[in-house]
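Student: pasting the sequence and the predicted model now:
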Amino acid sequence: MRFGEAVQVEYVDMSEPESQAQFSELLAVVEDRDLPYPLLAINGDLRAAGSAHYYHILPYVEQALQSEGAVQET
């Protein structure tokens, strides 16, 4: 794995009632802004909507890790 244990990926199915209850604030933002799924959240912050393609989300992950000091810039 490129980032080892520094990154954790979690899939949440927002059609499940438990997920809707747990992430009700996020769901309200999604509905208010009419955002497309899938969503990308990093450390609880919504960062992107409409794509979960590796090369689309990689810059967001790298930026988050760099800001946390988890990876060195190359």
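Tutor: Arrived safely.
Student: quick one, helices of this structure?
Tutor: Here the chain has its helices, by DSSP state H, at 17-22, 24-33, 54-68.
Student: between the ones you listed, which one is closest to residue 40.
Tutor: The closest of the helices of the chain to residue 40 is helix 54-68. By Cβ to Cβ, the value is 5.3 Å. All C-beta atoms are positioned from the backbone trio N, CA, C, and that covers glycine.
Student: contacts for that closest one next, please.
Tutor: Identification of contacts with helix 54-68 by Cβ atoms under 8 Å, 6 or more residues apart in numbering yields 3, 6-7, 40, 42-43, 47-48, 51, 71, 73.
Student: could I get it in PDB with only the CA atoms?
Tutor: Extracted in PDB, the C-alpha atoms of helix 54-68 (Å, rounded to 0.1, in the frame of the first residue of the first chain):
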ATOM      1  CA  TYR A  54      -8.100   7.000  -7.500                       C
ATOM      2  CA  TYR A  55      -6.500   9.800  -9.500                       C
ATOM      3  CA  HIS A  56      -9.200  12.300  -8.500                       C
ATOM      4  CA  ILE A  57      -9.000  11.700  -4.800                       C
ATOM      5  CA  LEU A  58      -5.200  11.100  -4.500                       C
ATOM      6  CA  PRO A  59      -4.300  14.800  -4.300                       C
ATOM      7  CA  TYR A  60      -6.800  15.300  -1.500                       C
ATOM      8  CA  VAL A  61      -5.300  12.400   0.500                       C
ATOM      9  CA  GLU A  62      -1.700  13.600  -0.100                       C
ATOM     10  CA  GLN A  63      -2.600  17.100   1.000                       C
ATOM     11  CA  ALA A  64      -4.300  15.900   4.200                       C
ATOM     12  CA  LEU A  65      -1.300  13.700   5.000                       C
ATOM     13  CA  GLN A  66       1.200  16.500   4.300                       C
ATOM     14  CA  SER A  67      -0.700  18.900   6.500                       C
ATOM     15  CA  GLU A  68      -0.700  16.300   9.300                       C
END
